[in-house]
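[1] Okay, predicted coordinates and the sequence, questions at the end:
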Amino acid sequence: MTSQKDELTTDTSNLLVLGSSSAARNELLVSIGLVPDIIEKPEIDESLLPNETPVSYVRRMAEEKANSILSRKDSYLITADTVVVAGSRVLLKTFDEKTACNYLRMLSGRRHIVLTAFCVRHNDILTLNLVKTSLKMKLLSEKEITDYIACREWAGSAGAYSIQGRAKTFFPFISGCFSNVVGLPIPKLSDVLKGMGFSRAYNEKRNNY
């Protein structure tokens with residue numbers, strides 16, 4: 001468990017827990033003024049089951065991540081999972097250069113979709129939402145692929161690209177939520193948090209910093 005605060009006070013109202021080790025998800029929350037009080041890394045098996053659909057997989061992952069984390073009942077726990085889907089192929093996170101090259105060649109010049117499922121748990125109520133974004137990657141040259149692999153921004157990202165970095169230039173077409181591709185659909189998440197009673201002002205700094 002990693003705390004983003006030196007010390008928590010006895011006031012735990014609106015305690016925000018991010019159940020993800022993703023720096024990109026943390027940065028998305030911080031960018032709108034929602035600094036997680038606690039960051040927890042889920043420990044689950046993220047293997048794709050035989051004949052599992054992309055939607056079923058990403059929803060199962062988000063829910064299993066939430067169920068794997070113990071948090072205060074009155075806290076707001078956020079977990080999420082993101083996959084890239086090209087045709088019938090699910091492109092998961094990879095750290096392998098050969099796999100990353102194959103993914104980029106597969107996506108080059110094609111449309112694909114990004115699915116992010118996220119859960120919010122508060123007072124033993126768990127909500128699960130799914131957001132889809134459609135993208136088209138430009139036709140990449142072998143040099144562009146080689147150069148991008150060398151920079152290693154792709155490591156640990158679904159589909160072997162990180163759209164908030166250099167890969168941003170690869171996409172002439174995006175339909176839907178951009179932050180969903182990064183790892184959290186911020187507009188939808190914000191609505192869900194408010195609907196569940198989360199009331200911390202987005203520019204508010206908590207007194208226990």
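    Yep, it's here.
[2] dump the residue contacts of residue 76.
    The neighbourhood of residue 76, defined by C-beta atoms under 8 Å, 6 or more residues apart in numbering, consists of 14-17, 120-122, 193, 196, 198. From N, CA and C alone the C-beta is placed, and that goes for glycine too.
[3] Put together TSV for those, with neighbour count and distance to residue 137 on each row.
    Compiled in TSV, the contacts of residue 76 are given as follows (neighbours: other C-beta atoms under 10 Å; distance: C-beta to C-beta, whole Å):
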residue	neighbour count	distance to residue 137
14	19	39
15	21	39
16	20	34
17	22	34
120	22	31
121	23	35
122	23	37
193	21	32
196	15	36
198	17	35
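[4] In strands only, show me those residues.
    16-17, 120-122 (DSSP state E).
[5] Looking at the residues you listed, which is nearest residue 58?
    Here the nearest of those to residue 58, counting by C-beta to C-beta, is residue 120; it sits at 15.6 Å.
[6] Beta-bridge partners for the closest one, please?
    residue 78, residue 127 (DSSP bridges).
[7] re the thing from before, could you dump the contacts of residue 76 into JSON lines and include distance to residue 110 and pLDDT?
    Shown next, in JSON lines, are the contacts of residue 76 (distance: C-beta to C-beta, whole Å; pLDDT from 0 to 100):
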{"residue": "14", "distance to residue 110": "42", "pLDDT": "85"}
{"residue": "15", "distance to residue 110": "42", "pLDDT": "94"}
{"residue": "16", "distance to residue 110": "37", "pLDDT": "96"}
{"residue": "17", "distance to residue 110": "37", "pLDDT": "97"}
{"residue": "120", "distance to residue 110": "33", "pLDDT": "98"}
{"residue": "121", "distance to residue 110": "36", "pLDDT": "97"}
{"residue": "122", "distance to residue 110": "39", "pLDDT": "96"}
{"residue": "193", "distance to residue 110": "34", "pLDDT": "96"}
{"residue": "196", "distance to residue 110": "37", "pLDDT": "95"}
{"residue": "198", "distance to residue 110": "38", "pLDDT": "94"}
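[8] Dump the residues you listed into a markdown table; add distance to residue 84 as well.
    Compiled in a markdown table, these are given as follows (distance: C-beta to C-beta, whole Å):
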| residue | distance to residue 84 |
| --- | --- |
| 14 | 33 |
| 15 | 32 |
| 16 | 27 |
| 17 | 27 |
| 120 | 23 |
| 121 | 26 |
| 122 | 30 |
| 193 | 26 |
| 196 | 29 |
| 198 | 29 |
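[9] So which residues of the chain form helices?
    In the chain, the segments counted as helices under DSSP state H are 23-31, 54-67, 97-107, 142-151, 178-182, 186-195.
[10] right, and those - which one's nearest residue 74?
    Judging those by C-beta to C-beta, what sits closest to residue 74 is helix 186-195, at 13.9 Å.
[11] And that closest one, what's buried?
    Buried residues in helix 186-195, defined by neighbour count with 16 or more other C-beta atoms under 10 Å: 186, 188-190, 192-193.
[12] just to revisit the earlier point, now, the most widely separated pair of the ones in strands among the contacts of residue 76?
    16 and 121 (11.7 Å).
[13] What are the buried residues along stretch 151-161?
    So for stretch 151-161, counting by 16+ other C-beta under 10 Å, buried means 153-154, 157-161.
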